[in-house]
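Enquirer: below: sequence and its predicted model.
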Amino acid sequence: MPIKIIFWTMLCYLVYCGFLFLMQRQILFPRYLIDTPPISGDLPFMEKIWIKTSFGKTEAWFLPPDPMNKVEPSPAVIFAHGNGELIDFWPDELKRFNHFGIGVMLLEYPGYGRSEGKPSQKSITETFNNAYNILIERKDVDPAKIILFGRSLGGGALCTLAAERPSAALILMSTFISARSFAKKYFAPGFLVLDPFDNLTAVRNYQKPVLVFHGKFDEVIPYSHGMALYKSAPHATMITYESGHNDCPPDWEMFWRDLEAFLNVSGIITNSE
């Protein structure tokens, strides 16, 4: 009798792990749950770019610096959003970068929104590398002042890029140490994770300034992940907010003051006034 119980328990566990293995990208990349606006938004001077990849085209938007604060060539940000978002959600929030004299590239994930392909660490890495090449070749962009800014899953996308391409600074908001670290939450072995996003190793090897934002009460990616990233980076600043995951930052004005101070100290901007 005990042998049968052990057998059926192990069989159920293997079936469960197999189900998780097959469904993991639907869990990590819930793109089908996001309504895509029928027509992409337009902002003054916004430039739409299609990134060519081996699996199709991926959409990107470039928001140039405010002409009143622009110095050419200018710094530029590559921004990667969370797994339940689209680039459509972010232009209004991130246009303050433009006021600082910084251009912003909003880059979509494969299979999200109007972009072709399927999301995975491999396809995202190809997309971001191709977009990076386009960005640094622009005459109005300073290739020595590329800032990588990732929120949640986006931190994984940009930690991967940071490990492969040079940048001036890395900004991580509500980001995890690795995707494999969540396997134990589902009682599954980490080797089953197809897209590991080993952010901790990437940050540990990153020699430029790192800024970590994390909500103290984050219910999706625990605060301990942000602290671990901060402690592992050779040159890091940690900013803690009294917030959860989806309401981080709780005060955007405070966020921009904190970010402006970091950009000044890092030498990316000298004065945004």
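Expert: In hand now; what should we look at?
Enquirer: closest to the centroid, which residue in this protein?
Expert: Nearest to the mean C-alpha position of the chain, counting by C-alpha atoms, centre = their mean, stands G154 at 1.5 Å.
Enquirer: quick one: secondary structure of it?
Expert: State at G154, reduced to three classes by DSSP: H, G, I helix; E, B strand; the rest coil: helix.
Enquirer: what residues are up against it?
Expert: Neighbouring residues of G154 by C-beta atoms under 8 Å, 6 or more residues apart in numbering: F79, A80, H81, G82, M173, T175. Using the backbone N, CA and C atoms, a C-beta is placed for each residue, glycine as well.
Enquirer: adding neighbour count, write the residues you listed out as a markdown table.
Expert: What follows is these, written out as a markdown table (neighbours: other C-beta atoms under 10 Å):
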| residue | neighbour count |
| --- | --- |
| F79 | 26 |
| A80 | 28 |
| H81 | 24 |
| G82 | 21 |
| M173 | 24 |
| T175 | 27 |
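Enquirer: now those in a markdown table, with distance to V104 and pLDDT?
Expert: Below are the contacts of G154 laid out as a markdown table (distance: C-beta to C-beta, whole Å; pLDDT from 0 to 100):
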| residue | distance to V104 | pLDDT |
| --- | --- | --- |
| F79 | 6 | 98 |
| A80 | 12 | 98 |
| H81 | 12 | 98 |
| G82 | 16 | 97 |
| M173 | 15 | 98 |
| T175 | 19 | 98 |
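Enquirer: and D218, how far from S232?
Expert: D218 sits 18 Å away from S232, going by C-beta to C-beta, to the nearest Å.
Enquirer: neighbour-wise, which of those two wins?
Expert: D218 (22 against 19; other C-beta atoms under 10 Å).
Enquirer: which residue sits closest to that one in space, ignoring its chain neighbours?
Expert: H245 (4.6 Å; C-beta to C-beta, 6 or more residues apart in numbering).
Enquirer: again, but for F182
Expert: What sits nearest to F182 in space, not counting adjacent residues and going by C-beta to C-beta, 6+ apart, is F176, at 7.1 Å.
Enquirer: so how many other residues sit close to the one you found?
Expert: 25.
Enquirer: what about it, which SS state?
Expert: coil.
Enquirer: which residues touch it?
Expert: Per C-beta under 8 Å, 6+ apart, neighbours of F176: S152, G155, G156, F182, F197, N199, I221, H225.
Enquirer: try 10 Å this time
Expert: Counting by C-beta atoms under 10 Å, 6 or more residues apart in numbering, F176 touches 152-153, 155-156, 159, 182, 197, 199-200, 218, 220-222, 225-226, 228-229.
Enquirer: the helices in the stretch 51-200 of the chain, which residues?
Expert: 91-94, 96-99, 121-136, 153-164, 199-204 (DSSP state H, counting those that start in this stretch).
Enquirer: show me what the longest one is packed up against.
Expert: Using 3 or more C-beta pairs under 10 Å, 6 or more residues apart in numbering; DSSP states H and E as the contact criterion, the secondary-structure elements in contact with helix 121-136 are strand 47-53, strand 56-63, strand 74-80, strand 103-107, strand 141-151, helix 153-164.
Enquirer: if we use 7 Å, what do you get?
Expert: Where contact means 3 or more C-beta pairs under 7 Å, 6 or more residues apart in numbering; DSSP states H and E, helix 121-136 is packed against strand 47-53, strand 74-80, strand 103-107, strand 141-151, helix 153-164.
Enquirer: mind exporting the C-alpha coordinates of that helix to PDB?
Expert: Extracted in PDB, the C-alpha atoms of helix 121-136 (Å, rounded to 0.1, in the frame of the first residue of the first chain):
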ATOM      1  CA  GLN A 121      14.800  35.200 -23.200                       C
ATOM      2  CA  LYS A 122      16.400  34.400 -26.600                       C
ATOM      3  CA  SER A 123      14.000  36.400 -28.700                       C
ATOM      4  CA  ILE A 124      14.000  39.300 -26.300                       C
ATOM      5  CA  THR A 125      17.800  39.300 -26.200                       C
ATOM      6  CA  GLU A 126      18.000  39.400 -30.000                       C
ATOM      7  CA  THR A 127      15.400  42.200 -30.200                       C
ATOM      8  CA  PHE A 128      17.200  44.300 -27.600                       C
ATOM      9  CA  ASN A 129      20.600  43.800 -29.100                       C
ATOM     10  CA  ASN A 130      19.300  44.900 -32.600                       C
ATOM     11  CA  ALA A 131      17.600  47.900 -31.100                       C
ATOM     12  CA  TYR A 132      20.700  48.800 -29.200                       C
ATOM     13  CA  ASN A 133      22.700  48.800 -32.500                       C
ATOM     14  CA  ILE A 134      20.100  51.100 -34.100                       C
ATOM     15  CA  LEU A 135      20.200  53.500 -31.100                       C
ATOM     16  CA  ILE A 136      24.000  53.900 -30.900                       C
END
